[in-house]
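Undergrad: Got a sequence here, can you build the structure:
(one chain, ligands or ions: 1)
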Amino acid sequence: MGATEEAYFTPVVPMDFTYNYRVGHYLQRYLDGFKEKKVLGAKCPECGQVVVPPRKYCGSCNKVREEFVELSQEGTLENFTVGHVTLVKGKLNEVESPYLVGMIKLDGADNLLLARVEGLPVGEAKTGMRLRAVWKDQAEGDYSDLDHFEPV
Ligand SMILES: [Zn+2]
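TA: Model prediction:
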């Protein structure tokens, strides 16, 4: 018996993964703080570590973080990368000019916050530099309210 060649076709199926994501109590408090241009973290009652954005359970001691604390609007650039593309609706798009994405340690926090960094040429970014938060004029309780960070 010889091998038979199977017929096949490749359907093009447009897919839409639009869905609602419930942010939960901790991220809701974080976004509520954005309405007042405040950055909130959550503090562990056992080890005292403060994380931003707030998370319910401490990864170090597994205790429930119940205390929300307001963090500084300033912090230190701990690391960064340079972006050359954006991802919009699943498609990569080249940008006209490269941009900075920083890992920022806000004063009072024990972890790093990922955010855009603007206000300086990409080649002049250096770890250890001081940055401050820049908010949209009309904060609405959305992730985009905290627009970017810039050098102090
Ligand atoms: Zn802890």
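
Undergrad: how near is residue 96 to residue 68?
TA: Separation of residue 96 from residue 68 (Cβ to Cβ, to the nearest Å) stands at 39 Å. For the C-beta atoms, the positions are set from N, CA and C on the backbone; glycine is no exception.

Undergrad: higher neighbour count, the two?
TA: Using other Cβ atoms under 10 Å as the criterion, residue 96 and residue 68 rank with residue 68 on top: 18 against 5.

Undergrad: Run through the neighbouring helices and strands of the strand or helix carrying that one.
TA: Assigned by DSSP states H and E, residue 68 belongs to strand 67-71. Contact partners of strand 67-71 among helices and strands, from 3 or more Cβ pairs under 8 Å, 6 or more residues apart in numbering; DSSP states H and E: strand 39-43.

Undergrad: try it again with 10 Å
TA: Applying 3 or more Cβ pairs under 10 Å, 6 or more residues apart in numbering; DSSP states H and E, one finds that strand 67-71 contacts helix 24-35, strand 39-43, strand 50-51.

Undergrad: where does this protein come near the ion, residue by residue?
TA: The chain comes close to the ion at residues 44, 46, 47, 58, 60, 61, as judged by Cβ under 5 Å from the ion.

Undergrad: give the contact list for the first one.
TA: To tie it back to what came earlier, the one meant is residue 44. When the contact criterion is Cβ atoms under 10 Å, 6 or more residues apart in numbering, the partners of residue 44 are 50-51, 55, 57-67, 110.

Undergrad: Any buried residues in stretch 54-65, and which?
TA: Within stretch 54-65, the residues that qualify as buried by neighbour count (16 or more other Cβ atoms under 10 Å) are 54, 55, 58, 65.
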